[in-house]
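Q: Please work out how this folds:
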Amino acid sequence: MTLGLSRLVVLLAGLWLGTAPAAQAGSFSDWAAVVVAGDWRAHNGGPTETFDNARRDVAQTLERAGFQRENLRQFSVRPERYRDSRPEKSDLAAIFASMSDLTARATGGCLVYLTSHGDPSGVLVDTRVLPPGVLAAMVDRTCGQRPTVVVISACFSGVFVPALAAPNRMVLTAARRDRSSFGCGEADKYPYFDDCFLQSAPQARDFAGLGRAVQACVAEREQKEGMKPPSEPQLWVGAALRPLLPLYAFTPTPSAPARTLATSP
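A: Numbers count the residues shown, from 1 in each chain. Sure, this is the predicted structure:
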């Protein structure tokens, strides 16, 4: 019996990436992941827990989706404050070392999640700006050709899409390259984008569906709050990864009451 064209495309893409068995299993148990909070200050310079709240809860959400705790590391600018989640210090060398270590052991796929402030030159990680080219080199060196998802929650984060775009990658950013994102005040629980990621994840089946749901959620939130111009989160999926993403399905979560988006005062 001849395979259907769509099934053939999936198999060829999987063989090209060298990950067809893992994709068919639909599991993230052999994926490496790092979740990074890059700052502790609000947009006005005062202290905020927004980025660390997002870092902690995104990591928990990934575990519920099927990622294994031993293959997931968290980073914070002030790790000593968060003994419950035990993050490491947000330092570029330490993050790269962890990515190298994790990807050597968990070879099925790769995820990087950054939440911080950003500007047109990159995203802030503690006192240093991480430029798109440097992050792309870090991902190239550690994740290689395996399926890779990179999520960047920061103003102007669309600037990372051209540098990170590759056939085996999905890139989701909180804003287009010339727009701010919102929700980084002292009283905010999460940035808008991270809040939408957390709200949308339990209902999403896979990362592609989650990306679209986050885009819609952010647009609705910004319209409701009267935030202008809209941030327009960017979603890019490489041609080789596109047919595989539906096979990497999230672990179903028990039904729970819908979360209410955190709102600004």
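
Q: Now do stretch 141-152: everything it contacts.
A: Contact with stretch 141-152 is made by 17-19, 23, 32, 96, 99-100, 102-103, 107-114, 118, 123, 135, 139, 160, 164, 166, 168-174, 197, 207, 241, 244-245, 248, as judged by CB atoms under 8 Å, 6 or more residues apart in numbering. C-beta coordinates here come from the backbone N, C-alpha and C atoms, glycine included.

Q: Please export the C-alpha coordinates of the one helix or strand residue 218 maps to as PDB.
A: Remark: residue 218 resides in helix 207-225, with elements defined by DSSP states H and E. Only the C-alpha atoms of helix 207-225 are listed here, as PDB (Å, rounded to 0.1, in the frame of the first residue of the first chain):
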ATOM      1  CA  PHE A 207       3.600  24.300  20.100                       C
ATOM      2  CA  ALA A 208       2.300  25.500  16.700                       C
ATOM      3  CA  GLY A 209      -1.300  25.700  18.100                       C
ATOM      4  CA  LEU A 210       0.100  27.300  21.300                       C
ATOM      5  CA  GLY A 211       1.900  30.000  19.300                       C
ATOM      6  CA  ARG A 212      -1.300  31.000  17.400                       C
ATOM      7  CA  ALA A 213      -3.300  31.000  20.600                       C
ATOM      8  CA  VAL A 214      -0.800  33.300  22.300                       C
ATOM      9  CA  GLN A 215      -0.900  35.700  19.400                       C
ATOM     10  CA  ALA A 216      -4.700  35.900  19.600                       C
ATOM     11  CA  CYS A 217      -4.600  36.200  23.400                       C
ATOM     12  CA  VAL A 218      -2.100  39.100  23.300                       C
ATOM     13  CA  ALA A 219      -4.000  41.000  20.600                       C
ATOM     14  CA  GLU A 220      -7.200  40.700  22.700                       C
ATOM     15  CA  ARG A 221      -5.500  41.700  25.900                       C
ATOM     16  CA  GLU A 222      -3.900  44.800  24.400                       C
ATOM     17  CA  GLN A 223      -7.100  45.900  22.800                       C
ATOM     18  CA  LYS A 224      -8.900  45.500  26.100                       C
ATOM     19  CA  GLU A 225      -6.300  47.500  27.900                       C
END
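
Q: What is that helix packed up against?
A: Counting contacts by 3 or more CB pairs under 8 Å, 6 or more residues apart in numbering; DSSP states H and E, helix 207-225 packs against strand 169-173, helix 192-200, strand 234-237.

Q: what comes up buried for it?
A: Neighbour-count burial for helix 207-225 flags 207, 208, 209, 210, 211, 213, 214, 215, 217, 218, 221, 222 (criterion: 16 or more other CB atoms under 10 Å).
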